[in-house]
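# 3D model of this:
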Amino acid sequence: MAGMQRALRLTRGMALALGFLIPVAAAQQPSNKPAQQSPGQQAPQSPNHPAQQPAAQPAPEPGNPYDDSKPYAPPAPWKSVEIGNYYFKKRNLKAALSRYKEAVQTDPHYSPGYLGMGKVYDRMRLRRKALEAYQHYLDELPSTKDALEAKEVQKAMARLEKDLKRPASTRAKPAPPSTGAERH
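Below is the predicted model of the structure:
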């Protein structure tokens with residue numbers, strides 16, 4: 001009895017598979033026969049007829065994240081800075097700098113973008129660019145807002161200016177990257 005049920009399932013499976021394959025194969029084969037028309041139908045137009053021409057670009061699928069028909073619209077400056085802060089914490093300085101620059105391009109008066117750029121440039125040891133970004137931050141900062149952060153920026157600027165005035169041979173060199181093999 002078990003053998004009979006197994007054979008029946010196998011037969012059903014093959015019939016099901018063939019049932020799906022036959023219509024697909026028939027649709028792929030070109031037909032040489034002209035389509036039969038009913039008396040009320042019009043004859044098909046030639047392939048060069050303008051009504052038969054496909055559109056230059058098909059309409060994009062709804063929800064397609066790779067739709068190139070719309071220009072890139074950057075997020076709000078606060079969102080770009082938020083993403084930049086994430087990258088900065090993950091030590092991806094290039095990505096963080098890109099997001100901070102995006103925030104400043106979107107809104108040139110958005111001070112947290114300049115603060116982030118200053119921190120990234122400082123971490124990259126690009127002192128002049130860090131000073132410029134910090135100075136922009138202080139210029140754009142309202143007097144009552146972020147006073148604590150402004151004090152930290154002023155300390156960083158004083159340190160950077162002091163570093164820039166020292167000869168290059170006496171400046172602190174960055175520590176070599178650790179490989180993790182030194183740990184015991």
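# where's residue 102 relative to residue 93, distance?
Distance of residue 102 to residue 93, given as C-beta to C-beta, to the nearest Å: 15 Å. Placement of C-beta: from N, CA and C, glycine included.
# repeat that for residue 162.
From residue 162 to residue 93 the distance is 23 Å (C-beta to C-beta).
# do residue 153 as well
Distance, residue 153 to residue 93, using C-beta to C-beta: 18 Å.
# what about the two, which has more around it?
In this view residue 153 and residue 93 are compared by other C-beta atoms under 10 Å, and residue 153 has more residues nearby, 21 against 15.
# contacts only, for the closest residue in space to residue 111 that isn't next to it in sequence.
Residue nearest to residue 111 in three dimensions, not counting chain neighbours: residue 140, with 4.0 Å by C-beta to C-beta, 6 or more residues apart in numbering. Counting by C-beta atoms under 8 Å, 6 or more residues apart in numbering, residue 140 makes contact with 109-111, 114.
# so which of the residues you listed is the most crowded?
residue 114 leads the contacts of residue 140 on contacts (other C-beta under 10 Å) with 26 neighbours.
# wait, what's in contact with that one?
100, 104, 133-134, 136-137, 140.
# go again with 10 Å.
By C-beta atoms under 10 Å, 6 or more residues apart in numbering, the contact list for residue 114 reads 81, 100, 103-104, 108, 132-141, 153.
# and those, which are buried?
81, 100, 103-104, 133-134, 136-137, 140-141, 153 (16 or more other C-beta atoms under 10 Å).
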